[in-house]
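Chemist: coords below, sequence missing:
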């Protein structure tokens, strides 16, 4: 049986606590509505992307190389990695 290794789709470069928004440097495609896993050290949480912005404009998806802002319901830390759940 093969174990599928999930690839990180981005890294959190900044966290805005008061508005629950993470700035993520993408290394893959991410879309509004995606269920994601957020990993930081031994901590792992799951969340769904509620909304996404690029340069303060609402977008439906982001792609590799972009730095996007995503609204989350859980508090996360800078340096966390994001992958699809």
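Modeler: Thanks, I have the structure now. These figures come from a predicted structure and were not determined experimentally.
Chemist: Tell me who's in contact with residue 44.
Modeler: 37-38 (C-beta atoms under 8 Å, 6 or more residues apart in numbering). Where C-beta positions appear, they are placed from N, C-alpha and C, glycine not excepted.
Chemist: can you rerun that using 10 Å?
Modeler: Going by C-beta atoms under 10 Å, 6 or more residues apart in numbering, residue 44 touches 37-38, 80-81, 83, 85.
Chemist: Go through the residues you listed and say which is closest to residue 20.
Modeler: residue 38 (12.4 Å; C-beta to C-beta).
Chemist: how about low-confidence regions in the protein?
Modeler: Low-confidence regions of the chain, defined by pLDDT under 70, span residues 1-6.
Chemist: quick revisit: weed out the non-buried ones from the contacts of residue 44.
Modeler: Buried subset of these (neighbour count, 16 or more other C-beta atoms under 10 Å): 37-38, 80-81, 83.
Chemist: So which of those residues are in helices?
Modeler: Applying DSSP state H to the buried ones among the contacts of residue 44, no entry is found in helices.
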